[in-house]
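Chemist: Need the 3D shape of this:
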Amino acid sequence: MGQIRKVGNLFYIEFYARGLLYSQVTGDNEDLALLMLNNIEAKISQGEALMLVREINLIVFFEQFLTYSSDRFSQRSITRFIQTWENFNTFLRSTYPNVLNISHLTPHVIESYKIALIKIAKPKVVNLTILLLREILDYAIKKGFINDNPTIHIHLIELRSKSIKNTERLLLVKKLLRNNVSLGSFYQLLNLKDVAQIMYWSNFIPLIRDDIYT
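Modeler: Now for the predicted structure:
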């Protein structure tokens, strides 16, 4: 059974097809949204093939991500995700107002955001922000909204080496980074005063890939 959701002044219909959840914007008319939902569900029930694009608005997507993250990350991590996403969307509204859906995010957009961050934030903060975005967009891959995470095409800022004692725990983190394991998967292992310290190992993350979108 599908449902109608309102985000801001727009209505979205959500429905299941082919075992996947789809979200589609319908406009600012609730009656039209209900009509579209009924028509789609009627076609699905009759076995008609639909030309479906698995798309989702950025606002709706992040709401789903927060629900997914509620029992997987600490409250401190969730707060970081929220702050990062709010800052990123402020940038989008001012620089890329037409980027409204998750599929609109490309490496070019992320690179522009990184350049904007460099002007106002320290390098380790810029790197951490990109990694937090990567974690958020990894969820979009899991849900089938995108098949490529645009943040992996972005080079992190190379930071000056800092003398850090290579304990067994830190060596494990380096190994995980070398194997491109997402930050959220081992966040709880870090136990560091400042999570951004891992940016000193950014050179271990395989980020060199052709940017096919620019």
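Chemist: Am I right that S23 sits in a helix?
Modeler: No. Using DSSP: H, G, I helix; E, B strand; the rest coil, the assignment for S23 is strand, not a helix.
Chemist: How about it, nearest residue that isn't a chain neighbour?
Modeler: Of all residues not flanking S23 in the chain, I56 sits nearest, at 4.4 Å (C-beta to C-beta, 6 or more residues apart in numbering). (C-beta placed from N, C-alpha, C; glycine too.)
Chemist: And for L66?
Modeler: Spatial nearest neighbour of L66, chain neighbours left out: I78 (7.0 Å); criterion: C-beta to C-beta, 6+ apart.
Chemist: thinking again about what came up before, now the phi/psi pair for the residue nearest to S23, please.
Modeler: Torsion angles at I56 (phi, psi; degrees, to the nearest 10) stand at phi -160, psi 140.
Chemist: same thing with K122?
Modeler: phi -70, psi 150.
Chemist: Can you report how many residues neighbour it?
Modeler: 13 (other C-beta atoms under 10 Å).
Chemist: For it, give its distance to Y113.
Modeler: Computed as C-beta to C-beta, to the nearest Å, the K122 to Y113 distance reads 16 Å.
Chemist: And for V126?
Modeler: Distance of V126 to Y113, computed by C-beta to C-beta: 10 Å.
Chemist: for I120, same thing?
Modeler: Counting by C-beta to C-beta, the gap from I120 to Y113 is 11 Å.
Chemist: more neighbours, those two?
Modeler: Per other C-beta under 10 Å, whichever of I120 and Y113 has more neighbours is Y113, with 23 against 9.
Chemist: Where does pLDDT dip in this structure?
Modeler: 1, 17-21, 47-54, 160-170, 173-174, 176-214 (pLDDT under 70).
Chemist: for it, what spans make up the strands?
Modeler: Taking DSSP state E to define them, one finds strands in the chain at 3-7, 10-17, 20-27.
Chemist: What helices and strands are in contact with the second one?
Modeler: Think strand 10-17. The criterion is 3 or more C-beta pairs under 8 Å, 6 or more residues apart in numbering; DSSP states H and E, and the helices and strands that strand 10-17 contacts are strand 3-7, strand 20-27, helix 30-45.
Chemist: Can you tell me the strand partners of that strand and which way each runs?
Modeler: Pairing partners of strand 10-17, with direction, according to DSSP bridges: strand 3-7 (antiparallel), strand 20-27 (antiparallel).
Chemist: Thank you kindly, that will do.
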